[in-house]
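In: Model the following, please.
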Amino acid sequence: MAEHLRLRDFDLAGVQETEHGPVIGYIQRDALKDGFVRQHLRPLTTEHLVSDATPLANLLSVMTDKEQVFVLTGERIGGIIARADFNKPPVRVYLFGLISLLEMHLSFWLRHFYEADSWQAELSDNRLARANELFRQRRLRNEEIALFDCLQFCDKRELALSKEDLRSSVGLGSKKVCRKFLREAEKLRDELAHSQYDVSGANWRETIRLVEGIEELVRKSDQLVDKKATEQAGDFQSLLWASI
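Out: Numbers count the residues shown, from 1 in each chain. Sure thing, here's the model as predicted:
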């Protein structure tokens, strides 16, 4: 059995007494030195289990301190999830989409806190020139956009750093905290765009912490948008449409 698990690159497996029977426990490959599988059987407890209905966002947190968990389908164990599975497309798409959602919310609040085109004064001449060149190219393709839509993530980060009331409102914290958070989010997004990036690598805890921070900020931003849309129906809704 140890050799069978090694060939399939499994560190752990559930054990059944009969082919279609329930999973009665699990074994770890490294423990299978001699004897029989039953002698190395370990009991399954609730800490080893997740439901197949567990949202992906929650599953990431569950596996902060676990490398594998068993999946309950109804009352039966139907599979195993390992950290290596987080390198598969569904998780990568989720993380990339989450960071894109963060950028959308950030854009919304920048439009709200910077009146008209006042944000231009906060960017360096080089960054503003880059935005204008992209704006020119996209207009040549007959795209209906504004200059603000041509800003990069790093530009929006610098604009957020310059607005203390924005950072305070949405929970981005001090300049130091905000800079670190947004840089990490941008770095993760860029790394996810390269297929060789290992989501479950050495910085697993840092990745989970970052993802939880993004999720929390997006939730808070959603709540604030709902509140302000109720209080300032007309003007705020037009701003919301401009940010989508």
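In: low-scoring stretches of the chain, by residue?
Out: For the chain, residues meeting the criterion pLDDT under 70 lie at 196-197, 200-202, 232-244.
In: next one: the lengthiest helix in it to chain centre, how far?
Out: The helix spanning the most residues in the chain, taking DSSP state H as the definition, is helix 204-231. In terms of C-alpha atoms, centre = their mean, to the nearest Å, the centre of helix 204-231 is set 11 Å apart from its chain centre.
In: One more: stretch 153-160?
Out: Centroid displacement of stretch 153-160 relative to its chain, using C-alpha atoms, centre = their mean, is 19 Å.
In: Could you do stretch 41-52 as well?
Out: With C-alpha atoms, centre = their mean, you get 25 Å for stretch 41-52.
In: go on, stretch 118-128?
Out: Put simply, stretch 118-128 sits 29 Å off its chain's centre (C-alpha atoms, centre = their mean).
In: what's the nearest residue to the residue nearest the centre of the chain if we skip its chain neighbours?
Out: For the chain, the residue nearest the mean C-alpha position is residue 95 (3.4 Å; C-alpha atoms, centre = their mean). With C-beta to C-beta, 6 or more residues apart in numbering as the measure, residue 192 is the residue that lies nearest to residue 95, at 5.8 Å, once sequence neighbours are left out. Where C-beta positions appear, they are placed from N, C-alpha and C, glycine not excepted.
In: The one you found: neighbour count?
Out: For residue 192, the number of neighbouring residues by other C-beta atoms under 10 Å comes to 17.
In: So which bits of the longest helix of the chain are buried?
Out: 204, 207-208, 210-211, 213-215, 217-218, 221, 224-225, 228 (16 or more other C-beta atoms under 10 Å).
In: Could you do stretch 94-103 as well?
Out: Applying a neighbour-count criterion of 16+ other C-beta under 10 Å, one finds 94-95, 98-99, 101-103 buried in stretch 94-103.
In: just the CA coordinates of it, formatted as CSV?
Out: Extracted C-alpha coordinates of stretch 94-103, given in CSV (Å, rounded to 0.1, in the frame of the first residue of the first chain):
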residue,chain,number,x,y,z
TYR,A,94,-11.4,32.6,-7.8
LEU,A,95,-8.3,34.4,-6.4
PHE,A,96,-7.7,36.4,-9.5
GLY,A,97,-11.4,37.4,-9.6
LEU,A,98,-11.3,38.4,-5.9
ILE,A,99,-8.3,40.7,-6.5
SER,A,100,-10.1,42.2,-9.6
LEU,A,101,-13.1,42.9,-7.4
LEU,A,102,-10.8,44.6,-4.9
GLU,A,103,-9.5,46.8,-7.7
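In: so the residue sitting furthest away from the middle of the chain, which of the three states?
Out: When each C-alpha in the chain is compared with the mean C-alpha position (C-alpha atoms, centre = their mean), residue 35 comes out farthest, at 43.7 Å. Secondary structure of residue 35, reduced to three states by DSSP: H, G, I helix; E, B strand; the rest coil: coil.
In: Right, I'll leave it there.
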